[in-house]
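Peer 1: Kindly return the folded structure for what I paste below:
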Amino acid sequence: MYQIGIDEAGRGPAIGPLVVCALGIPNSDTKFLASIGAVDSKQITRKKREEISERIYLEAENRNWKIGIIVCKASRIDIERNKINLNKLEIELFKEAVYETGIKEKNGIVKADACDVNEQRFKERIRNALGAKWKDWEIHARHKMDSEEIIVGAASILAKVRRDKEIEKISDLLNLDVGSGYPSDPKTKEAVKKLVNSKTPNQYLRWSWATVKNAWNSTHDLPIPIREELGRTRIQSSLNEWSNTEM
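Peer 2: Model (predicted):
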């Protein structure tokens, strides 16, 4: 029987993607996964995360582990938030990550780090999103599951390492150190200020974040444009048209 752990990295940053990972392993491999150091990604150093991530990918080839990674770009986050909240977007991304694993087993256990204040609601939303083919799978969703369940901790490591790589790519492409991407990071704050000094904000910014909106508003007469489907943007005519909500 398989178990699947799901977690994300990058929910709160003003720059870069939100990354979701689903990791599926046979239940019999749980102790082995623990032996290679799989824990909550926040409990270990970046170097250690990278070492464990590399080991997981290596073992995945040898042990038939399944990995699904979804990189949700800033543009998609902004577009989806015009229609749904961030919690519902994460449900969709969790589903996509599970599907990406390609697991065909008819039953097993899905373990997810709940991002909703209501754990039961989050669990039911995952069940509904996965659909009828997953009806015989158990769904477990709790807060801080990444620190309680080895499989979820491992997924958090893979998600975090991929998110860090994406941020490195962005810094390289822009020739600008954007820091961690989190609003509390001084490097990120300075980067955001530079990345709003054009007709539209830079593509790697989350335009719907208050940090980005406020930086834009400090140097522009009109409020920040709104991202729409197919790469279009909508120019707002009044500062009252946008909310100052961070997430």
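Peer 1: ok, the nearest residue to residue 170 once chain neighbours are set aside to residue 181 distance?
Peer 2: If the residues on either side of it in the chain are set aside, residue 170 comes closest to residue 204, at 5.0 Å by CB to CB, 6 or more residues apart in numbering. Where C-beta positions appear, they are placed from N, C-alpha and C, glycine not excepted. Plainly put, residue 204 is 9 Å away from residue 181 if you go by CB to CB, to the nearest Å.
Peer 1: what's near enough to touch residue 77?
Peer 2: Neighbour list for residue 77: 17, 18, 86, 89, 206, 208 [criterion: CB atoms under 8 Å, 6 or more residues apart in numbering].
Peer 1: ok, the fifth one - contacts?
Peer 2: If I follow you right, that is residue 206. Residues in contact with residue 206, defined by CB under 8 Å, 6+ apart, are 13, 14, 15, 74, 77, 78, 212.
Peer 1: likewise the fourth one?
Peer 2: Residues near residue 89 by CB under 8 Å, 6+ apart: 18, 72, 77, 80, 81.
Peer 1: what are the phi and psi values for it?
Peer 2: The phi and psi values for residue 89, taken as degrees, to the nearest 10, are phi -60, psi -40.
Peer 1: and the lengthiest helix in the chain, what other elements does it pack with?
Peer 2: In the chain, assigned by DSSP state H, the helix with the most residues is helix 150-174. In terms of contacts (3 or more CB pairs under 8 Å, 6 or more residues apart in numbering; DSSP states H and E), helix 150-174 is packed against strand 2-9, strand 18-26, helix 30-35, helix 46-63, strand 66-72, strand 108-113, helix 145-148.
Peer 1: mean confidence score for that helix?
Peer 2: Taken as a whole, helix 150-174 has an average pLDDT of 98.
Peer 1: Likewise for stretch 184-192?
Peer 2: Over the span of stretch 184-192, the pLDDT mean works out to 98.
Peer 1: Point out where the protein drops to low pLDDT.
Peer 2: Counting by pLDDT under 70, the chain has low-confidence residues at 230-247.
Peer 1: 80 instead?
Peer 2: Where the chain drops to pLDDT under 80, the residues are 229-247.
Peer 1: related to what we said a few turns ago, nearest to residue 195, out of the helices and strands packed on helix 150-174?
Peer 2: For those, distance to residue 195 was read as CB to CB. The smallest value, 18.0 Å, belongs to strand 18-26.
Peer 1: so what does the closest one touch, helix or strand wise?
Peer 2: With contacts defined as 3+ CB pairs under 8 Å, 6+ apart, the secondary structure elements packing on strand 18-26 are strand 2-9, helix 46-63, strand 66-72, helix 86-101, helix 150-174.
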